[in-house]
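Trainee: turn this into a structure:
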Amino acid sequence: MRVFAGQFKDMRQNLRDLMPGNTDMADAVERVRDALDAGDFQHMLALLETIGERENTDGVDKRTLSLKHLMAAAVARSIAGDLQMVRMESKEAAEHFRLAVEALPPFQEDLHAELLNKYGTASYQSGEPETAIAAFERALSILERRLGKNHPDVATALNNMALIHYSRGNYDGAEPLYRRSLMIDEQTLGIDHPGVATDLNNLALLYKKQGDLESAEPLLKRAMEIKEKHFDPGHPSLVTGQQNYAALLRGLGRDEEAEVFERRATVLPPKRTEEAAE
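Mentor: So this is what the prediction gives:
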């Protein structure tokens, strides 16, 4: 009897907390309370089943409609942000991306990471590095959970974060991020992929900025060699790599070696070479 009395008290408390979203269900709740007081548990059960079914149906319908509204809001905000980025209005774009992130319904993790990256980029360009880093870190966390810690998209997120640290002079913060990005791309893309050359350039630029030309030299050399495998002579990316490497060699006092790569950087692309010969 004591157990039943306690359960009876709990049911009455729960019924006080039962507040249906449908106002026309309020009378049904009162009838449930009356049935409980009267000990008519069968009628009480039937009423509760009716309330539960009605509230569930209406709730699911409204939730579905709400999620559609939120998704439309997020997409519209994102497109507005894209447009403002094209117009070089990064501050306004960042606000649209922020609102898009807030509006995005749950369980949209891929889009969530994409919007956070856009928010971070716009924030960085509008002079809000701390906001940008926080957005990139949130995106990185999602990507690592969704894709694993060794995915090219994770490497891209790491590069984004490293770039902000680098631009602020926080080289100690940037270096491990650049190194991890390089390791991921080497494992997933292959050691001779152009993306790896970009990672090598980033890390080399960091060392060069710190005055550590000895550490930068093998990285720039390897980046240039990768580009030579993928690009024809005279390709802008290859020319830039050759010029950068030549400048570094001169900084190391290796002028004769530098001249070789400076000459290579002046070679015209094959098509332009043929046109010059005609």
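Trainee: residue 108 against residue 70, yeah?
Mentor: No - Residue 108 is not in contact with residue 70 according to Cβ atoms under 8 Å; the separation is 9.4 Å. No exception for glycine: its C-beta is placed from N, CA and C like everyone else's.
Trainee: where do the helices sit along the chain?
Mentor: In the chain, the helices defined using DSSP state H lie at 2-17, 26-38, 41-86, 90-103, 109-125, 129-147, 152-167, 171-189, 194-209, 213-230, 236-251, 255-264, 270-277.
Trainee: in PDB, list the C-alpha atoms belonging to the second one.
Mentor: By that I understand helix 26-38. What follows is helix 26-38, C-alpha atoms only, in PDB (Å, rounded to 0.1, in the frame of the first residue of the first chain):
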ATOM      1  CA  ALA A  26      -6.500  20.400 -21.800                       C
ATOM      2  CA  ASP A  27     -10.000  19.000 -21.100                       C
ATOM      3  CA  ALA A  28      -8.700  15.500 -21.700                       C
ATOM      4  CA  VAL A  29      -5.900  16.000 -19.100                       C
ATOM      5  CA  GLU A  30      -8.500  17.100 -16.600                       C
ATOM      6  CA  ARG A  31     -10.500  13.900 -17.300                       C
ATOM      7  CA  VAL A  32      -7.300  11.900 -16.700                       C
ATOM      8  CA  ARG A  33      -6.900  13.500 -13.300                       C
ATOM      9  CA  ASP A  34     -10.600  12.700 -12.500                       C
ATOM     10  CA  ALA A  35     -10.200   9.100 -13.600                       C
ATOM     11  CA  LEU A  36      -7.100   8.800 -11.400                       C
ATOM     12  CA  ASP A  37      -8.900  10.100  -8.400                       C
ATOM     13  CA  ALA A  38     -11.800   7.800  -9.100                       C
END
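Trainee: what angle separates that helix from helix 41-86?
Mentor: Going by axes from the mean of the first three to the mean of the last three Cα atoms, to 10 degrees, helix 26-38 is angled at 140 degrees with respect to helix 41-86.
Trainee: by contact count, what packs against helix 26-38?
Mentor: Contact analysis of helix 26-38 by 3 or more Cβ pairs under 8 Å, 6 or more residues apart in numbering; DSSP states H and E lists helix 2-17, helix 41-86 as its packing neighbours.
Trainee: let's have those in JSON lines, adding distance to residue 197.
Mentor: JSON lines is the format used below for these (distance: least, Cβ to Cβ, whole Å):
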{"stretch": "helix 2-17", "distance to residue 197": "63"}
{"stretch": "helix 41-86", "distance to residue 197": "27"}
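Trainee: just these: most buried one?
Mentor: helix 41-86 (a mean of 14; mean count of other Cβ atoms under 10 Å).
Trainee: quick one: that one to helix 90-103, angle?
Mentor: Orientation of helix 41-86 against helix 90-103 (the same axes, to 10 degrees) gives an angle of 160 degrees.
Trainee: which strands and helices sit next to helix 41-86?
Mentor: helix 26-38, helix 90-103, helix 109-125.
Trainee: burial measure for the closest residue to residue 101 other than its chain neighbours, as a count.
Mentor: Excluding its sequence neighbours, the residue lying closest to residue 101 (Cβ to Cβ, 6 or more residues apart in numbering) is residue 115, at 4.9 Å. Residues contacting residue 115 under the criterion other Cβ atoms under 10 Å number 27.
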